[in-house]
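Student: Next input, structure requested:
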Amino acid sequence: MRKSVSAVVILALLVGVRSIARAADAPATPPSPVATPLSASTPPSAAPPAASAPPAAALPPDSPDASLPHELPPDTWSDPAHKPLPIPSEWHFSSYGYLRAPLRIGVGQRPTCPAGATTPTQVMIPSGVGGQPYAGQYCALPDQSRTTFHSPYIPDDQYLAWTFDRSWEKAWAELYLSYGTNHVTGTIGLMAYDFTDTSSIGGSANPAQAGIGQAWVTITPTVPVDGLRMDWKVGAFSEKYGMARTADGGAYDTYMFGRTYQMGEALTGEYDVGDFTFKAEHGFGAHLETTAAGTVLDGAASAQANANSTGAPLGASPGFTLLNHVHVGVDWRQTIQVNLHHMYAWSQDDRVQGTLTTNGNPAGPTGSIATYGGEARLLGHGLGDLYLAYSHISAVNATLVGPAYEVVHSSGGGGHNGANGIYENFFNGSGNGNGQVDNFEVGYDLSFGALLRRLRISDAMGPGARDVSIALFALDSAVSGTDGTSLSPYTERPTNGTNKLKFGTDIVFNPVSWFGVGVRGDYLAPDSHDSDQTFGVVTPRLFFRTNFISHEVITIQYSHYWDGSHVLAQQSISGIGYANIGRNSNGLYPTDVDVFGIKAVISW
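Tutor: Sure, this is the predicted structure:
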């Protein structure tokens, strides 16, 4: 019922806009021609800009899609300048993809062995974290180096954590294969966040190889109305709402309103009225239950903690989760974009899941997460690109809601053996799962070369040539409405009223097209009730790229951290659980002050 009503509303909006346009005798502007899409036999090539198009701000060189604004599928909700690519009417193959392969090396220090020791032994050392010692580390004998190398122990490399900042992204690859015509296309997506050859012995590559993660059909009918375009996706697919840049999730690689993970459908319509393009979309779908239907769940708190080691049914599992979402927006002259979004996920499974009823939550097997808000984007065409967004998240019995959509670093409600959700990122893994979060994000990207060209001062600098670019970004999250049992670690103060703030800058100098030097700085304060959780990181980088037909960058980088005494590495948080921070030393390791590495990124 929700789906059919919303679909009718979308069609009514578009038809209404068309009627207004005809009444005003405003001619429709057809889409501008752009480059032919990629096919299996055609190498990538950048779409030529319009002859009169002013220069745009440059993305940081290691942004996933910094140099191919037209070759990934057009994104209606993040790029005002997008136009649908012409697709051959005959059946054909096409593909696009992205990979990121980083070598990340953390540098640590181990303690010296006691005098007279002949073999290394485990030594408990004070941590300063909640009065607990770090977990035992093997000491170094006099003839051994105290320096250690390992995968980084840092607080900001977990993609699904509020403290994520893109300084040290992990491996990721995705490949999309399509076959179809200009009216119907079938697509499958292959994905992995780890690579088997480097991690299979460690056991982490098996769950990381997602295989065919998405598969859907897109129907694009011929609409007998000038300026009106529609498409309908049906299947398993992801859509992204609230990206801080036109080509990616911005400096924090997150989504202010949501990225969907659903089996379902989405109907989208666009209508051109003079210099304006009006848009509307409705989607409906579901994310399947984490534990298979028909499995009896153990609601005891011990079931979640022991599930991996004992094989017991998984407690605190989200159930079958439904998702309904509606979006409307308008673009003006490929320069200004304003969008409004509403996402609503809910679970009313027939099995009692989770453990939150013991915390005074009477909701039983019913929970919901709603997100709504708006965003505005200004493409300055040489004056810089500005992004502003506000979103409000409202959670009720959050841990019962599965990861039907990801919002502000959170995968669904959380509270289960899986990725961090609303419960961990904002409620510190405690309380009854009820509360609200208000989020504000701002981003600004400026290419000084593009600015000089726009002001007609110099044509010697700009994207693709010698250039200096700067990015400024910030994200603020305010938590409210949580109950008295949802507490901040260490301080034991309620999460209600907690404010989370992070901001930074990224400056890049490209003396030539194939080489660049940059530095990124980040400041993160994840808990206004505890300043000792605050940390900072500075990351100088070197960029190398061919600037030929491919879109790649090789980055050599180093980071130095300044950590407060309550800062924990993501591995430590995963090991002991949010609710045990400050009370249990199991799994605690010192954070690394220095990290270095090299990564390769390419998109096609």
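
Student: Please count neighbours and contacts with C-alpha atoms only from this point.
Tutor: Noted.

Student: residue boundaries of the helices in the stretch 201-350 of the chain?
Tutor: Chain-ordered helices for the stretch 201-350 of the chain, with DSSP state H, counting those that start in this stretch as the definition, fall at 205-208, 301-310.

Student: Any stretches of the stretch 1-150 of the chain with poor pLDDT?
Tutor: Filtered on pLDDT under 70, the stretch 1-150 of the chain yields the residue ranges 1-76, 81-87, 124-136.

Student: quick one: the residue of the chain most remote from its centre from residue 123, how far?
Tutor: Among the C-alpha atoms of the chain, the one most distant from their mean position (CA atoms, centre = their mean) is that of residue 116, at 51.3 Å. Using CA to CA, to the nearest Å, one obtains 15 Å as the distance from residue 116 to residue 123.

Student: sorry, back to before: pick out the shakiest of the helices of the stretch 201-350 of the chain, pLDDT-wise.
Tutor: Among the helices of the stretch 201-350 of the chain, helix 301-310 carries the lowest mean pLDDT, at a mean of 41.

Student: quick one: residue 384 from residue 275, how far?
Tutor: Here the distance between residue 384 and residue 275 works out to 21 Å (CA to CA).

Student: and these two? which has more neighbours close in?
Tutor: When neighbours are counted by other CA atoms under 10 Å, residue 384 comes out ahead of the other of residue 384 and residue 275, with 22 against 13.

Student: Let me know whether that one touches residue 445 as I believe.
Tutor: Yes: because the distance of 5.4 Å satisfies CA atoms under 8 Å, residue 384 is recorded as touching residue 445.

Student: Can you pull up the most central residue in this protein?
Tutor: Note on the chain: the residue nearest the mean C-alpha position is residue 254, at 3.1 Å, using CA atoms, centre = their mean.

Student: surely that one meets residue 439?
Tutor: No: with contacts counted by CA under 8 Å, residue 254 stays clear of residue 439, the gap being 11.9 Å.

Student: Now do residue 224: how many residues are near it, please.
Tutor: The number of residues packed near residue 224 is 8, by other CA under 10 Å.

Student: if I look at it, how far off is residue 480?
Tutor: Taking CA to CA as the criterion, residue 224 is separated from residue 480 by 49 Å.

Student: same question, residue 266
Tutor: When distance is defined by CA to CA, residue 266 is 32 Å away from residue 480.

Student: just residue 522 next, same as before
Tutor: Using CA to CA, one gets 25 Å for the distance from residue 522 to residue 480.

Student: So which residues of the stretch 51-200 of the chain form helices?
Tutor: Counting by DSSP H, counting those that start in this stretch, residue ranges of the helices within the stretch 51-200 of the chain are 196-199.

Student: wait, what's in contact with residue 285?
Tutor: 262-265, 322-324 (CA atoms under 8 Å, 6 or more residues apart in numbering).

Student: Could you dump these into a markdown table and include distance to residue 97?
Tutor: As requested, these are exported to a markdown table (distance: CA to CA, whole Å):
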| residue | distance to residue 97 |
| --- | --- |
| 262 | 20 |
| 263 | 21 |
| 264 | 23 |
| 265 | 23 |
| 322 | 29 |
| 323 | 27 |
| 324 | 28 |
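
Student: which residues of the stretch 401-550 of the chain fall in helices?
Tutor: Using DSSP H, counting those that start in this stretch, the helices of the stretch 401-550 of the chain run over 422-427, 448-454.

Student: In JSON lines: those helices, plus mean neighbour count.
Tutor: Written out in JSON lines, the entries for these read as follows (neighbours: other CA atoms under 10 Å):
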{"stretch": "helix 422-427", "mean neighbour count": "28"}
{"stretch": "helix 448-454", "mean neighbour count": "22"}
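
Student: if I pick the nearest residue to residue 229 once chain neighbours are set aside, what's in contact with it?
Tutor: On the basis of CA to CA, 6 or more residues apart in numbering, the spatially nearest residue to residue 229 that is not a chain neighbour turns out to be residue 270, at 5.2 Å. With contacts defined as CA under 8 Å, 6+ apart, residue 270 is in contact with 14, 227-230, 277-280.

Student: Could you count how many residues lie near residue 269?
Tutor: 20.

Student: So it is in contact with residue 279, correct?
Tutor: Yes: using CA under 8 Å, residue 269 is in contact with residue 279, at 5.8 Å.

Student: Report how many residues lie close to the residue nearest to residue 330 when sequence neighbours are not counted.
Tutor: Beyond its immediate neighbours in the sequence, the residue positioned closest to residue 330 (CA to CA, 6+ apart) is residue 278, lying 4.5 Å away. Neighbours of residue 278 under the rule other CA under 10 Å: 22.

Student: correct me, but residue 278 touches residue 272?
Tutor: Yes: using CA under 8 Å, residue 278 makes contact with residue 272 at a distance of 6.5 Å.

Student: top strand in this protein by residue count?
Tutor: For the chain, the strand that runs over the most residues, judged by DSSP state E, is strand 92-109.

Student: same for it, what does it pack against?
Tutor: Counting by 3 or more CA pairs under 8 Å, 6 or more residues apart in numbering; DSSP states H and E, the packing neighbours recorded for strand 92-109 are strand 147-150, strand 172-180, strand 594-603.

Student: Mean neighbour count and distance to residue 498 added to those, as TSV?
Tutor: Formatted as TSV, the helices and strands packed on strand 92-109 follow (neighbours: other CA atoms under 10 Å; distance: least, CA to CA, whole Å):
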stretch	mean neighbour count	distance to residue 498
strand 147-150	12	34
strand 172-180	18	33
strand 594-603	20	30
